[in-house]
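Colleague: I need the structure of the sequence given here:
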Amino acid sequence: MSDPSPVRPAVPVLDVWCELQCPDCRGALDDLRALRARYGDRLELRLRHFPLEKHKHSFAAAQAAEEALEQGRGWEFVEAVLGRVEELDRAGEPFLVEVARELGLDAEEFDTALIDGRHILIVDADQAEGKAIGVSGTPTYVIDGERLDGGKSQEGLRERIEQIADRLLAGQ
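Modeller: Model (predicted):
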């Protein structure tokens, strides 16, 4: 039997537990941009949802982010919404559809997705997994099994993520 062709090792994954009505998550945007710029496709940033009950539009925003991911513009949508947290606070779901329209996404499809709840299971599953691994606030990062809580402080977290990512990439 011949050896199967060598499989390229999967890139390290950084799970970003995020909530789109959370000012602390907005504070994390610069770090996320810097990580994306530094690693490109050598590090997979995976958006995970952890809507908090105190933010009444966060569950809808998580569903909208999933729709944006499906339409190929997930992180752009996340950044656009987080950059205008106050508008989401005030306007709720119509604001989410408006952001989709501004980004050139199919806004009608967003509207329909929020009504038919097609992404609810993903959001619920993320939230359940987050609770199971000890996520209590956002943003929380998980890379190589290490949980880093950015809700208390962002200080030093990007450096720690880079240390772990560099180690994982060096070991490939």
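
Colleague: Pretty sure Leu14 sits in a strand.
Modeller: Yes - counting by DSSP: H, G, I helix; E, B strand; the rest coil, Leu14 is located in a strand.

Colleague: Tell me how many other residues surround it.
Modeller: Applying other C-beta atoms under 10 Å, we find 21 other residues in the vicinity of Leu14. To be clear about C-beta, it is placed using only N, CA and C from the backbone, and glycine gets the same treatment.

Colleague: who's in contact with it?
Modeller: Leu35, Leu43, Glu44, Leu45, Arg46, Tyr141, Val142, Ile143, Ile161, Ala165 (C-beta atoms under 8 Å, 6 or more residues apart in numbering).

Colleague: Let me have those residues in a markdown table, adding pLDDT, neighbour count and distance to Arg73 as columns.
Modeller: Formatted as a markdown table, the contacts of Leu14 follow (pLDDT from 0 to 100; neighbours: other C-beta atoms under 10 Å; distance: C-beta to C-beta, whole Å):
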| residue | pLDDT | neighbour count | distance to Arg73 |
| --- | --- | --- | --- |
| Leu35 | 95 | 20 | 18 |
| Leu43 | 96 | 22 | 19 |
| Glu44 | 94 | 12 | 17 |
| Leu45 | 93 | 17 | 14 |
| Arg46 | 94 | 14 | 16 |
| Tyr141 | 95 | 26 | 22 |
| Val142 | 96 | 21 | 24 |
| Ile143 | 96 | 21 | 24 |
| Ile161 | 96 | 28 | 24 |
| Ala165 | 96 | 21 | 24 |
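
Colleague: Please point out which parts of stretch 91-102 sit buried.
Modeller: For stretch 91-102, a neighbour-count test (16 or more other C-beta atoms under 10 Å) marks Glu93, Phe95, Leu96, Val97, Glu98, Val99, Ala100 as buried.
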